[in-house]
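S.K.: Structure of the sequence below:
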Amino acid sequence: MLMLDRSSQPHPDPLQIEINCAVITVSDTRTPITDSSGALVKQLLLSAGHKIGRYQIIPDESTQIWEQLDAAIVSQPQIRAIVFNGGTGISPRDNTYDAISSVLTKTLPGFGEIFRFLSYQEIGSRAIASRAIAGTYQHLLVFSLPGSRGAVQLGMEKLILPEIIHLVNQLI
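M.R.: The predicted model follows:
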């Protein structure tokens, strides 16, 4: 299990726990062979000592996104966190942000704010087009990242992996 330096954290987590996660790629074009971003999310979670309880590629349709959230609640209650990637831009087919934001129980506004700040440092003003979001849906921790490998790597390494255990512990 990857051990992160928590000495600078205001409330260090007492336990390193394994989180059972779902990874959902939202794309009208990707396949399991071409889904390098979804593969990266899975690889980073596994390297950090977590489990992948569900992996899906779904079209960018709100109903499909909601079905994935409900499936994690009803048919796979052991899943504690979902990482979506893709569909966070502003094109007519980008529905992930709208679907997720409409059902979150609580939002974590800092996630999107910090993600865009970090993205700005890497890609400049194009970061304003990202609608990355995080929050809770019932007992689930939900993250939604853009679909590019760079965005996934940034979000996972700088935000999600350092905080996933702490945030899941808050929901227990």
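
S.K.: any weak-confidence spans in this structure?
M.R.: 1-15 (pLDDT under 70).

S.K.: need the strands for it, in chain order.
M.R.: In the chain, the segments counted as strands under DSSP state E are 20-26, 51-58, 81-85, 106-107, 133-137, 140-145.

S.K.: Out of those, the one nearest Glu122 is which?
M.R.: Closest approach to Glu122 among those (C-beta to C-beta): strand 140-145, 13.7 Å. All C-beta spots, glycine's among them, are computed from the backbone N, C-alpha and C.

S.K.: ok, Leu140 - contacts?
M.R.: By C-beta atoms under 8 Å, 6 or more residues apart in numbering, the contact set of Leu140 is Leu69, Ala72, Ile73, Ile79, Arg80, Ala81, Ile82, Leu171.

S.K.: and it, bridged to which residues?
M.R.: Per DSSP bridges, residues listed as beta-bridge partners of Leu140: Tyr137.

S.K.: I'd like the distance between Gly150 and Thr63.
M.R.: 29 Å (C-beta to C-beta, to the nearest Å).
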